[in-house]
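>>> okay, sequence plus prediction incoming.
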Amino acid sequence: MTARVLALLAALLVAAGVLAGPATAAGGLVFDGRWAAPGLDNWDETIILKPGNANRLSYVRSPRRPGSAYSADLLVGGNDQSERIVFLKTVFADAEGQDDWWAWSSYVHAGSAIPNSLFVVSLFSKFNESVCGSRGPANSLYMTNPDPNRPADRWRYVLVGGKGSCHVRYVDVPGLAVVRQHWIDFSCHFRWSSAPVGAPDTGLSQCWYRVQPSTAWRPAFRDSGPNLVSTDEVPGTLSVHYGLYKPEAAPYAHLDLSGLVVAGTRQQAERAAFGGRAAPARPGGASTGGPPAGLFIAAGAAAGLALLALAARNGRRRSLFLKEPPRTPRGGM
């Protein structure tokens, strides 16, 4: 088999998720939470609650952002046990001092019910519950309304952090309503820290947003202060819940999500989330729904067999050893 054919075979198998590519194949991404195909992702777990729920999860080609091959289509509701569909990832085992960019998009469908509160992104450490209480907040982006009897009409972010303490702040995103049938892009810069306000190494949380088709970014908020919960003895981990979480009720809330990505620079994050190609991925984490990835893997295998046949016709055969894609250890709170 010629070197050229071997290289082409490897490229096709990497694209299909059969052969493991280098760790930097996703353009330097810290975490690639896009969906290259239904059921193929890098999330640790998919959580669908509560028992007896009528939630529905699927993967769609439309609507979607250019950065993702598929969107996750989330319908949460149908009965009083229907509470959430969230994707879980532990991004950092030790988040203290990590400095990175996060990017994602959400799309509210025209017929979606809008409850009083609807969470999309929550970022937390394993100490959030023990330090802040069982119902203590996490760093979260959500839709809400100050009137508990009315549907959400704005977006809000809650910030929380501290070393053995729970310093909480709330900020409304200026000018951003609950928009239907338009992608809302978010681009955020975080320096994770449990150090107090005023300390030179305290945290930084800064986000921008835009509503498609606009390409102009608008400031959402900027906060200097602790955004990670840790203890004096143990640094804080950092996990993300990405999905749809609402009060238990029958009316369906209907959102689509693009893949969430974490990168070292703003350019890397935004290019991957809003304009790049989804990187190779392994079959998704444990889930109560979602189609199998067999068709996707079979496509990669078919590509490999076709190139092996080509090499055989050239009269040159060699052994080819395929490695499985790297598997992220399953973790969680």
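Yep, it's here.
>>> C-alpha only now, for contacts and for neighbours.
Will do.
>>> looking at this, Leu57 is in a strand?
Yes. Assessed by DSSP: H, G, I helix; E, B strand; the rest coil, Leu57 belongs to a strand.
>>> burial of the closest residue to it other than its chain neighbours, as a residue count?
Leaving aside its sequence neighbours, Leu57 sits nearest to Leu74 (C-alpha to C-alpha, 6 or more residues apart in numbering; 5.0 Å). With neighbours defined by other C-alpha atoms under 10 Å, the count for Leu74 comes to 23.
>>> please apply the same query to Arg218.
16.
>>> residues contacting it?
If a contact means C-alpha atoms under 8 Å, 6 or more residues apart in numbering, then Arg218 has 208-210 as its contacts.
>>> all strands of the stretch 51-200 of the chain, in order?
Using DSSP state E, counting those that start in this stretch, the strands of the stretch 51-200 of the chain run over 56-60, 71-76, 84-92, 99-108, 117-124, 139-144, 154-163, 167-172, 183-191.
>>> then stretch 124-143 to CSV, C-alphas only?
What follows is stretch 124-143 as a C-alpha-only set of coordinates in CSV (Å, rounded to 0.1, in the frame of the first residue of the first chain):
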residue,chain,number,x,y,z
PHE,A,124,-20.2,23.7,39.0
SER,A,125,-17.6,22.0,41.1
LYS,A,126,-18.0,18.9,43.2
PHE,A,127,-18.1,21.2,46.3
ASN,A,128,-21.1,23.3,45.2
GLU,A,129,-23.6,21.2,47.1
SER,A,130,-21.6,20.6,50.2
VAL,A,131,-20.5,24.2,50.6
CYS,A,132,-23.6,26.1,49.2
GLY,A,133,-26.3,23.7,50.3
SER,A,134,-28.4,21.0,48.6
ARG,A,135,-30.2,23.7,46.5
GLY,A,136,-27.2,26.0,46.3
PRO,A,137,-26.7,27.7,42.9
ALA,A,138,-24.1,26.9,40.3
ASN,A,139,-22.7,29.3,37.6
SER,A,140,-25.8,29.2,35.4
LEU,A,141,-27.3,30.8,32.3
TYR,A,142,-31.1,30.6,32.3
MET,A,143,-34.3,32.3,31.2
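>>> show me the shaky parts of the stretch 201-333 of the chain.
Applying pLDDT under 70 to the stretch 201-333 of the chain flags the ranges 276-333.
>>> can you show me the helices along it?
Taking DSSP state H, counting those that start in this stretch, the helices of the stretch 201-333 of the chain run over residues 266-274, 294-313.
>>> any figure for the gap between the residue most central in space within the chain and Val60?
Centrality entry for the chain: nearest residue to the mean C-alpha point is Leu260, 3.3 Å, by C-alpha atoms, centre = their mean. Distance of Leu260 to Val60, computed by C-alpha to C-alpha, to the nearest Å: 16 Å.
>>> again with Asp32
Plainly put, Asp32 is 18 Å away from Val60 if you go by C-alpha to C-alpha.
>>> please apply the same query to Ala138.
Here the criterion is C-alpha to C-alpha. By it, Ala138 lies 29 Å from Val60.
>>> what of Val160?
34 Å.
>>> out of the two, which sits in the more crowded spot?
Val160 (26 against 16).
>>> now do the contacts for the more buried one.
Contacts for Val160 were tallied using C-alpha under 8 Å, 6+ apart; they are 137-139, 166-169, 226-229.
>>> need the pLDDT of it.
On pLDDT, Val160 comes in at 96.
>>> is it true that Ala269 touches Gly28?
No. Assessed by C-alpha atoms under 8 Å, Ala269 is found out of contact with Gly28, at 9.1 Å.
>>> neighbour-wise, which of the two wins?
Applying other C-alpha under 10 Å to Ala269 and Gly28 shows that Ala269 carries more neighbours, namely 29 against 16.
>>> what sits against the more buried one?
Ala269 neighbours (C-alpha under 8 Å, 6+ apart): 29, 101-103, 187, 261-263.
>>> do Glu248 as well
77, 79-83.
>>> which stretches of the stretch 201-333 of the chain form strands?
For the stretch 201-333 of the chain, the strands defined by DSSP E, counting those that start in this stretch occupy 204-211, 218-224, 229-230, 238-245, 253-257, 260-263.
>>> looking at those, which is nearest to Ala273?
Closest to Ala273 of these is strand 260-263 (C-alpha to C-alpha; 6.3 Å).
>>> got the contact list for that closest one?
Outside strand 260-263, the residues within contact range by C-alpha under 8 Å, 6+ apart are 28-34, 100-105, 242, 269, 272-273.
>>> so what's Asn55 up against?
48, 74-78, 82, 84-85 are the contacts of Asn55 under C-alpha under 8 Å, 6+ apart.
>>> do the same with Ala216
Contacts for Ala216 (C-alpha under 8 Å, 6+ apart) come out as Arg210.
>>> and it, how far from Trp208?
Distance of Ala216 to Trp208, given as C-alpha to C-alpha: 10 Å.
>>> repeat for Ser230
To Trp208, Ser230 is 27 Å away according to C-alpha to C-alpha.
>>> great, nothing more from me.
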